[in-house]
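[1] Provide a 3D model corresponding to the input given below.
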Amino acid sequence: MVSQSKAPTAQETFMQMAQAAGLRGRLLVTIGLLVLIRLGVFLPIPGINRAAFAASLQNNPLIGFLDIFTGGFLTLGIFALGILPYINASIIVQLLTQAIPSLENLQKNEGEAGRRKISQITRYVALGWGLLQSTFISARLIAPYAEQPGFLFVVKTTLALTAGSMFVMWVSELITERGVGNGASLLIFLNIVSALPKSLGDTIKLAESAGREQVGKIIVLLLVFLVTIVLIVFVQEGARRIPIISARRQVGRKVFLEKNSYLPLRLNQGGVMPIIFASAVLIIPTSLAQVFPNPTVSQIANLLAPGQALYVALYLLFIVFFSYFYASLIVNPVDLAQNLKKMGSSIPGIRPGRTTSEYVERVLNRLTFLGAIFLGAVALIPTAVESATNVTTFRGIGATSLLILVGVAIDTAKQVQTYVISQRYEGMVKQE
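    Alright, predicted model coming up:
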């Protein structure tokens, strides 16, 4: 007999993946849709000189940022924008939910119907944002390399990129609903993983053609990546467990004591989002300098170039700021204290109500600061080691990519384990 509370072993997990029809079907749906999206990246948009486009924009920081999340923007396929408009729309709607009372009411008080309305609003915002991004990219980045440039070319390219992005959004929601894991996260995971074979191949060629000293630098860089992955796992799983006690419950003449539970506050509430936000903000001056040439903008872009002292200082500052901002969106100490009071629960030694909210806020601020310092270290150490060793074959597989890879892998593995545990319960019920 397997204990109901015991986590499933690797052997049990793989057996369920092979034998359980429900889990096996979800896995096949997920894999099939991911393969479909990956093939769509290489379906070309016609009428573009791709060789000239890729050669001229190879070192463009904006294109490099897009390439990380789309898995091949330089190929200019119909899925070149990927899931980016949907992610941007999700962030925008999340911010608006905190600012607009009607949206906040939909999210908190309307239940499943409210969440469906917010999801529909997110889709419309994604469509509008996709049109804006597609128009800008078509007119400013792609049009100079068109075989027959003009207004009609911009319209066709805009429609193709927007339609491809909407299809990717639909597939991501389909994976979330009928597959395993979060669809948007898995698509980004797939795009990042797709760059690993080329990076590994370039690294092997560099090691074969270089001397022992260069091989030692490559080994040092790989060790730094491995240590960073281990640290990410520990911090992603790290949480402060605040004990919660509940009031006694009386049924007839019997009095039942509720079991003690705990309130988990994660060390890194925002995950990878603070790094993405900070990178997106700091890349704006460089992008503007390339699109709109101007001496003042170019000077600012040079000061904020990656590796400069001002860039590093602002990068850390933005990571700390967005860590606190995102933590405030996820955990509201006032609402948390009110919910605990309604349930008749409290934190030992802390009075319910305002005192509880102040205590939770104080603990959350300390955890967020530690998490922000960790994110800053993870963001800068791999890049610093790359510059010191002069090994650039892994450029693009940096802090943001590592955090996404580890975070998505952990979340997907947990969901698979949840399905395995549910299958275990169903098997026990059938035996009884």
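
[2] My guess is residue 329 contacts residue 98. True?
    Yes. In this structure, residue 329 is within contact of residue 98 by Cβ atoms under 8 Å, at 6.1 Å. Glycine gets a C-beta too; all of them are placed from N, C-alpha and C.

[3] If we go by neighbour counts, what in the strand or helix carrying residue 118 is buried?
    Residue 118 is located in helix 111-136, with elements delineated by DSSP states H and E. By 16 or more other Cβ atoms under 10 Å, the buried positions in helix 111-136 come out as 114, 118, 121-123, 125-127, 129-131, 133-135.

[4] Least confident of these?
    When the buried residues of helix 111-136 are compared on pLDDT, residue 114 comes out lowest, with 83.

[5] separation between the closest residue to it other than its chain neighbours and residue 133?
    The shortest distance from residue 114 to any residue other than its chain neighbours is 3.8 Å, reached at residue 106 (Cβ to Cβ, 6 or more residues apart in numbering). Applying Cβ to Cβ, to the nearest Å, the value for residue 106 to residue 133 is 26 Å.

[6] Now do the longest helix anywhere in the chain: which elements does it pack against?
    Using DSSP state H to define each element, the chain has its longest helix at helix 354-389. Applying 3 or more Cβ pairs under 8 Å, 6 or more residues apart in numbering; DSSP states H and E, we find helix 354-389 packed against helix 212-237, strand 239-246, strand 261-266, helix 273-282, helix 309-330, helix 333-342, helix 399-431.

[7] Now do the buried residues in the fifth one.
    The neighbour-count criterion (16+ other Cβ under 10 Å) identifies 311-312, 314-316, 318-320, 322-328 as the buried residues of helix 309-330.

[8] So what's the gap between it and the chain middle?
    16 Å (Cα atoms, centre = their mean, to the nearest Å).

[9] and it with strand 261-266, angle?
    Inter-element angle recorded for helix 309-330 and strand 261-266: 150 degrees (by axes from the mean of the first three to the mean of the last three Cα atoms, to 10 degrees).

[10] tell me what the helix holding residue 118 is packed against?
    Applying 3+ Cβ pairs under 8 Å, 6+ apart, we find helix 111-136 packed against helix 84-99, helix 101-109, helix 151-178.

[11] For residue 55, find the nearest of the ones you listed.
    Residue 55 lies closest, by Cβ to Cβ, to one member of the helices and strands packed on helix 111-136: helix 151-178, at 19.3 Å.

[12] Show residues contacting stretch 318-330.
    Contacting residues not belonging to stretch 318-330 are listed as 94-95, 98, 268-270, 273-275, 277-278, 281-282, 364-365, 368-369, 371-373, 375-376, 379 [Cβ atoms under 8 Å, 6 or more residues apart in numbering].

[13] per-residue confidence at residue 9?
    65.

[14] residues touching the closest residue to residue 323 other than its chain neighbours, list them.
    Ranked by Cβ to Cβ, 6+ apart and with sequence neighbours excluded, the top spatial neighbour of residue 323 is residue 372, at 3.8 Å. Residues in contact with residue 372 (Cβ under 8 Å, 6+ apart) are 274, 319, 320, 323, 324.

[15] could you give the angle of the strand or helix carrying residue 206 to helix 212-237?
    Assigned by DSSP H and E, residue 206 falls within helix 196-209. Angle of helix 196-209 versus helix 212-237, following the same axes, to 10 degrees, is 150 degrees.

[16] got the buried residues for helix 196-209?
    Here helix 196-209 shows 203, 206, 207 as buried, counting by 16+ other Cβ under 10 Å.

[17] Any stretches of the stretch 251-400 of the chain with poor pLDDT?
    251-260, 287, 290-293, 306-307, 391-400 (pLDDT under 70).

[18] same thing but at 90, please
    Applying pLDDT under 90 to the stretch 251-400 of the chain picks out residues 251-358, 360, 368, 370-400.

[19] Please name the residues that touch residue 122.
    86, 89, 90, 93.

[20] cool, and residue 402?
    225, 228, 229, 232, 378, 382.

[21] Just the buried residues of these.
    Members of the contacts of residue 402 classed as buried by 16+ other Cβ under 10 Å are 225, 228, 232, 378, 382.

[22] Just put these in TSV and tack on distance to residue 30.
    Shown next, in TSV, are the buried ones among the contacts of residue 402 (distance: Cβ to Cβ, whole Å):
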residue	distance to residue 30
225	27
228	27
232	23
378	28
382	29
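
[23] and of those residues, the nearest to residue 405?
    residue 232 (8.8 Å).

[24] Could you check the pLDDT of the residue nearest to that closest one when sequence neighbours are not counted?
    Sequence neighbours aside, residue 406 is the residue nearest to residue 232 in space, at 4.5 Å (criterion: Cβ to Cβ, 6+ apart). Model confidence at residue 406, given as pLDDT, is 82.

[25] now do residue 203
    75.

[26] Check whether it really touches residue 218, as I assumed.
    Yes. Using Cβ under 8 Å, residue 203 is in contact with residue 218, at 6.1 Å.

[27] Nearest to residue 337 among the buried residues of helix 196-209?
    residue 203 (51.6 Å).

[28] Okay, that closest one and residue 217: tell me how far apart.
    Applying Cβ to Cβ to residue 203 and residue 217 gives a distance of 11 Å.

[29] any idea which of the buried residues of helix 309-330 is closest to residue 50?
    residue 311 (31.2 Å).

[30] what's around the closest residue to that closest one other than its chain neighbours, how many residues?
    Once flanking residues are discounted, residue 311 sits nearest to residue 304: 5.1 Å by Cβ to Cβ, 6+ apart. As a burial measure, residue 304 scores 19 neighbours (other Cβ atoms under 10 Å).

[31] Next, residue 304: phi, psi?
    phi -100, psi 20 (degrees, to the nearest 10).

[32] List the residues that contact it.
    282, 285, 286, 310, 311, 314.

[33] same question, residue 33
    By Cβ under 8 Å, 6+ apart, the residues touching residue 33 are 171, 174, 175, 179, 183.

[34] Next one: the residue lying closest to residue 305 once chain neighbours are set aside from residue 282, what distance?
    Among residues not flanking residue 305 along the chain, residue 311 sits closest, at 6.3 Å (Cβ to Cβ, 6+ apart). Shown here: residue 311 relative to residue 282, a distance of 6 Å by Cβ to Cβ.

[35] Could you count how many residues lie near residue 105?
    12.

[36] cool, and residue 336?
    So residue 336, with other Cβ under 10 Å, has 17 neighbours.

[37] How many neighbouring residues does the residue lying closest to it once chain neighbours are set aside have?
    Sequence neighbours aside, residue 360 is the residue nearest to residue 336 in space, at 5.8 Å (criterion: Cβ to Cβ, 6+ apart). Counted with other Cβ under 10 Å, the neighbours of residue 360 add up to 22.
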